[in-house]
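Undergrad: Predicted structure and sequence below. I'll ask about it afterward.
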Amino acid sequence: MPKSSARTSSVRRSRARRFGESTYGVLLVARTGLMGLLALLLLVAGVWTSWNTARYAMLVGAKERGTLTVSACAGERCSGRFVPLEGEGRVRPGVSMARAVAPKVGGRVEVVLKPGSADAVRTGAAGVLHAWVPFAGSLLLAALVVAGGMRLRRTAWVMGLLGAVLLGAAFAAM
């Protein structure tokens, strides 16, 4: 039986191989970093887009709150008569809102008017959920980037499921 030596022999790798291995490692870190930035960009864009509508639907400090009775729908907008809930504001006949959140013709819904315009935003659970739909879409897209580019599959599943639940809740609330 041969003697076992305490020292193991190490094989020196060539300089080119060591350079290749370190370059590959740098490329892996760069890919993960770029995919992380892309996922972050998608999420920030979704929040930014959603917040333009959600701030009116969520915040209670809005000036003109009331009800909108839908009288006609054309294209992507529905219009009708706005009646304020409190003494602040006036009755307006030509207020419009997105068709996706509007009830059928003749239906009434609680809304808040955007300052300085005749655009109405639906309030309540349905309005808030619908306002966050762009963020739900960005969660779904970012989940694909996180799973494919960063190899974080569990995180991607959580992000994707949160986006799908938010979309489903918005659909169910309408």
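TA: Okay, I see it. Fair warning: this is a prediction, and the values are worked out from it, not measured in the lab.

Undergrad: Tell me how far the residue nearest to the spatial centre of the chain lies from Arg13.
TA: Residue closest to the average C-alpha location in the chain (CA atoms, centre = their mean): Phe135, at 0.8 Å. Phe135 is 48 Å from Arg13, where distance means CB to CB, to the nearest Å. For the C-beta atoms, the positions are set from N, CA and C on the backbone; glycine is no exception.

Undergrad: got it, and Ala143?
TA: From Ala143 to Arg13 the distance is 39 Å (CB to CB).

Undergrad: ok, the two, which is more surrounded?
TA: Ala143 (24 against 11; other CB atoms under 10 Å).

Undergrad: Need phi/psi at that one.
TA: When read as degrees, to the nearest 10, the backbone of Ala143 gives phi -60, psi -40.

Undergrad: now stretch 117-124, how far from the centre of its chain.
TA: 20 Å (CA atoms, centre = their mean, to the nearest Å).

Undergrad: Return the alpha-carbon coordinates of it using CSV.
TA: The C-alpha trace of stretch 117-124 is given here as CSV (Å, rounded to 0.1, in the frame of the first residue of the first chain):
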residue,chain,number,x,y,z
SER,A,117,-60.8,68.5,-15.3
ALA,A,118,-64.0,66.7,-16.1
ASP,A,119,-62.4,63.3,-15.7
ALA,A,120,-63.8,61.0,-13.0
VAL,A,121,-62.1,58.2,-11.2
ARG,A,122,-64.1,55.5,-9.5
THR,A,123,-63.6,55.2,-5.8
GLY,A,124,-64.1,52.3,-3.4
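
Undergrad: So that it lines up with my notes, have the first residue be 708 from now on.
TA: Taking 708 as the first residue, the last one we looked at is stretch 824-831.

Undergrad: and for that stretch, what are the contacting residues?
TA: With CB atoms under 8 Å, 6 or more residues apart in numbering as the test, stretch 824-831 has contacts from 760, 763-764, 772, 775, 789, 799, 801-804, 808-809, 816-821, 834, 837-838.

Undergrad: And the helices in the protein?
TA: Here the chain has its helices, by DSSP state H, at 722-765, 831-838, 840-856, 860-880.

Undergrad: What residues of the last one count as buried?
TA: Within helix 860-880, the residues that qualify as buried by neighbour count (16 or more other CB atoms under 10 Å) are Ala863, Met866, Gly867, Gly870, Leu873, Leu874, Ala876, Ala877.

Undergrad: Ignoring the adjacent residues along the chain, who's closest to the last one?
TA: So the one you mean is Ala877. Nearest non-adjacent residue to Ala877, counting by CB to CB, 6 or more residues apart in numbering: Leu836, 4.0 Å away.
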